[in-house]
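>>> okay, sequence plus prediction incoming.
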Amino acid sequence: MNEQEKQLHYPLDEALPAPGRCIAVAPGVKWVRMSLPFALNHINLWLIRDRLDDGQACREGWSIVDCCIHRDEAKADWESVFANELEGLPVLRVIVTHMHPDHIGLAHWLCERWGVSLWITATDYQVARYGCMGPTAFGGQRAADFFALHGLNSPDAVAQIKGRTNYFPSLVPSVPAQYRRLLDGQVLRLGDQAWRCISGYGHAPEHMALYCEDLNILIGGDMMLPRISTNVSVYEQEPEANALALFLDSIDKFKKLPADALVLPSHGKPFVGMHTRIQQLHDHHRDRLAEVMQACTDAPCSAADIIPVLFKRAMDMHQTTFAMGEAVAHLHALWFEEKLVRQLDTDGVYRFAAKLLPTN
């Protein structure tokens, strides 16, 4: 446990759900944990006791929040959950916080398996559909061109990124043909509890967290993680985004919630100390921005130049693409604040330099 984690409280201590089983975190709320074949090796998923009344009949059951990637191991874990944890009741709906593969990958299978609707924001639903369209949707040539524009332009790097043409569809082969829209401020009635939707930006196009006042629980998705900082990136689809400013503004929405709320994150363990964690994230990015500013004061920098400033460890190409997105996001934050100027140099690379102050 690092020093920042020691400032948070983990009410379940070291307890983790066994594969295919759950841990109850509150009345009618269960924690499922599934493995991922990445450096970030797990995702937390949630079951909420639910009730649906279609005007003809009232059905008791469960809602699923987030799904895991499309893989046989995850399907087997879900079947174990269905057999052992649903108390003989069906799944009534599938709720997805955002469109990243570990959250939406099995949504189509779960919705078909139970004959239920997907609930998600309109933006993330449409982006996920786009990502499923095939090799030219995400990655490939356009991603390689974007990263080369920001300095990751060695022949080997360009070739590797160009070759990643099927990443999203391999993890999210399909999404349901229809969905129910989640909106900021909307209240979902899940069983006996009301859950308020809280939108967030900077990590995904339109992430949706859920807060239940009666239980004092926040399902934070990827917007509120206890151990790691959420990936905040700029990519080729929105090449001049100010993602970091959007993210920091979004997490400040959680300041209005009680400081003692139990946060259910997508990665890591349930924790109490949300207000402390918000300040930690602001401090973290303040310090990283100061480092980026100093580097660009010393000499004009591309995003590729900024990677070793932000990350002190060796990374494979998969991790490097995330690091590039974060580097661009930090440069853009300072650029939008007019602390940096951007120039396209003769080698076709964007570099950022400290803005010169006018002299008297």
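Here it is on my side, so go on.
>>> how far out from the middle of the chain is stretch 175-193?
Put simply, stretch 175-193 sits 18 Å off its chain's centre (CA atoms, centre = their mean, to the nearest Å).
>>> pLDDT below threshold where in the chain?
Scanning the chain with the threshold set as pLDDT under 70 gives 135-137, 358-360.
>>> distance of the most centrally placed residue in it relative to Lys6?
For the chain, the residue nearest the mean C-alpha position is Asp222 (3.9 Å; CA atoms, centre = their mean). Using CB to CB, to the nearest Å, Asp222 is found at 23 Å from Lys6. The way it works is simple: take the backbone N, C-alpha and C, and place the C-beta from them, glycine included.
>>> so Ala329 sits in a helix?
Yes. With DSSP: H, G, I helix; E, B strand; the rest coil as the criterion, Ala329 is assigned to a helix.
>>> burial check on Asp249, number of neighbours?
Number of residues near Asp249 (other CB atoms under 10 Å) recorded here: 13.
>>> what's near enough to touch it?
For Asp249, the contacting residues are Tyr201, Gly202, by CB atoms under 8 Å, 6 or more residues apart in numbering.
>>> that one in helix, strand or coil?
Going by three-state DSSP: Asp249 is helix.
>>> what does Gly348 give?
coil.
>>> same thing with the one 4 residues further on?
With three-state DSSP as the basis, Phe352 sits in strand.
>>> report the beta-bridge partners for it.
Here Phe352 sits in beta bridges with Cys301, Arg342, as judged by DSSP bridges.
>>> quick one: contacts for it?
Cys296, Pro300, Cys301, Ser302, Leu331, Leu334, Trp335, Leu340, Val341, Arg342, Gln343.
>>> same question, Val127
Residues in contact with Val127, defined by CB under 8 Å, 6+ apart, are Met99, Pro205, Gln237.
>>> ok, the first one to Gly20 distance?
Relative to Gly20, Met99 is positioned 25 Å away (CB to CB).
>>> before we move on, what about Gly220?
The spacing between Gly220 and Gly20, counted by CB to CB, is 24 Å.
>>> for the two, indicate the residue with more neighbours.
Neighbour count, other CB under 10 Å: between Gly220 and Gly20, Gly220 has more, with 29 against 18.
>>> phi, psi for that one please.
Note on Gly220: backbone dihedrals following degrees, to the nearest 10 are phi -90, psi -10.
>>> what comes up buried for stretch 191-209?
Residues 191, 193, 195-209 are the ones in stretch 191-209 that count as buried (16 or more other CB atoms under 10 Å).
>>> brain fart, stretch 133-147
Across stretch 133-147, burial judged by 16+ other CB under 10 Å covers Ala137, Phe138, Gly139, Gly140, Arg142, Ala143, Ala144, Asp145, Phe146, Phe147.
>>> likewise for stretch 182-191?
Leu182, Gln186, Leu188, Leu190, Gly191.
>>> repeat for stretch 330-347
Buried residues in stretch 330-347, defined by neighbour count with 16+ other CB under 10 Å: His330, Leu331, His332, Ala333, Leu334, Trp335, Lys339, Leu340.
>>> and stretch 259-275, by the same measure?
Neighbour-count burial for stretch 259-275 flags 261-274 (criterion: 16+ other CB under 10 Å).
>>> go through those and say which is closest to Leu248.
Nearest to Leu248, judged by CB to CB, of those is Met274 at 14.8 Å.
>>> got the domain ranges for this protein?
Here the domain parsing of the chain from automatic domain parsing is 5-135+164-283, 298-354.
>>> would CSV of these with distance to Leu289 be doable?
Formatted as CSV, the domains of the chain follow (distance: least, CB to CB, whole Å):
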stretch, distance to Leu289
domain 5-135+164-283, 8
domain 298-354, 6
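>>> those: which one's closest to Gly151?
Among the domains of the chain, if distance is taken as CB to CB, the winner is domain 298-354, at 3.0 Å.
>>> which parts of the stretch 1-150 of the chain are strands?
Per DSSP state E, counting those that start in this stretch, the stretch 1-150 of the chain carries strands over the ranges 23-26, 29-35, 42-53, 58-65, 91-95, 117-120.
>>> show me the contact partners of the second one.
Contact with strand 29-35 is made by 16-17, 19, 21-25, 41-49, 68, 73-74, 77, 81, 85, 215, 217, 264, 270, as judged by CB under 8 Å, 6+ apart.
>>> ok, now the third one?
Among residues not part of strand 42-53, those counted as contacts by CB under 8 Å, 6+ apart are 22, 27-36, 58-68, 81, 85-86, 92-93, 102-103, 190-193, 195, 219, 264-268.
>>> only whichever of these are buried, select them in PyMOL.
In PyMOL, this line selects whichever of the contacts of strand 42-53 come out buried by 16+ other CB under 10 Å:
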select buried, resi 22+28+29+30+31+32+33+34+36+61+62+63+64+65+66+67+68+81+85+86+92+93+102+103+190+191+193+195+219+264+265+266+267+268
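>>> just put the contacts of Val127 in TSV and tack on distance to Leu152.
Below are those laid out as TSV (distance: CB to CB, whole Å):
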residue	distance to Leu152
Met99	24
Pro205	23
Gln237	17
